[in-house]
Structure formats: structure tokens, C-alpha cells
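J.: I need the structure of the sequence given here:
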Amino acid sequence: MSMNPRTTAHRKKLMLEALQKNLGIVTRAAEMSGCSREQHYAWMKKDAKYRKAVEELAEVAVDFAEASLFAQIRKQEAAATIFFLKTKARHRGYIERKEMDVTSKGEHIAKPPVTWTDDEENPDA
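T.: Residues are numbered from 1 along each chain as shown. Have a look, this model is predicted:
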């Protein structure tokens, strides 16, 4: 059964197809499908099924980017390899900075004392 091109369901289907082809870029998908950006966002707000489909397409875009990253790693491109190691192998020490958990578990944390070496540097003196 073909959809009438004037129906909302058909227009949503066209927009979803365009979003998939454009990796979720709304402006390009809107131009391709003939749907306005405003209409897309109105559907996102009002139609849970449409919103879920759009959210799933966002994951497809991430999958595409990951596949591209892995292809670059296979070509032994240093920047891609470094990026991957800094994001996925942090537990092995591939980090530029050390992150510290400084939560207080509900306890008050006092400000550390400040020692000034020169009165000119202390605006409160």
C-alpha cells in the first residue's frame, strides 16, 4: 500500500529517511524531504513514536562515526589511534590529565588555606 504524499505519516516517513541519509542533520534532511525544521521539531515534541525513531537514528550516526574511526585506526593513522586510546583505554594510563573524585559524601568541605607571598598579590590585605 503506497502512502498519499500529503499525509502526515508519509511526510514523517520521508523526513526519517532523509535524516538517516544525512546522519541526523536536521537542516539537510528537511531540505531533502520538503519538510520544515519547525514541523520536524513539532513532531518530536508531540509524537513519541517519531521521537523514538529519530533518537535511534542518532545512534546510527554514532555507529557510522565509530566505523570511520576504526577504519582510520586500521590505516595506522596516529591521530585516530591516539584519540581512541585516550577515550577507551584510559584505565591503562592513556590520559593527558588525572581525574580525581573529590566528593565529600555529604560532609562540608573547608576551603584550603591560601598563603600569599607578596602583599601586592593579596587584594584583600
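
J.: pLDDT weak spots in this structure?
T.: Judged by pLDDT under 70, the chain has its weakly predicted residues at 1-5, 98-101, 106, 119-125.

J.: Which strands and helices lie in contact with the longest helix anywhere in it?
T.: Longest helix in the chain, counting residues (DSSP state H): helix 48-74. The contact analysis (3 or more CB pairs under 8 Å, 6 or more residues apart in numbering; DSSP states H and E) places helix 48-74 against helix 8-21, helix 37-46, helix 78-88. Where you see a C-beta, it was placed from the backbone N, CA and C, and this is true even at glycine.

J.: Put together TSV for those helices, with distance to Ala29 and mean neighbour count on each row.
T.: Converted to TSV, the helices and strands packed on helix 48-74 look like this (distance: least, CB to CB, whole Å; neighbours: other CB atoms under 10 Å):
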stretch	distance to Ala29	mean neighbour count
helix 8-21	4	17
helix 37-46	8	14
helix 78-88	27	13
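
J.: how about TSV for those, with distance to Trp116 added?
T.: Formatted as TSV, the helices and strands packed on helix 48-74 follow (distance: least, CB to CB, whole Å):
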stretch	distance to Trp116
helix 8-21	57
helix 37-46	53
helix 78-88	37
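
J.: Which among these is found nearest to Ile109?
T.: helix 78-88 (29.4 Å; CB to CB).

J.: The closest one - contacts with which helices or strands?
T.: Using 3+ CB pairs under 8 Å, 6+ apart: helix 78-88 touches helix 48-74.
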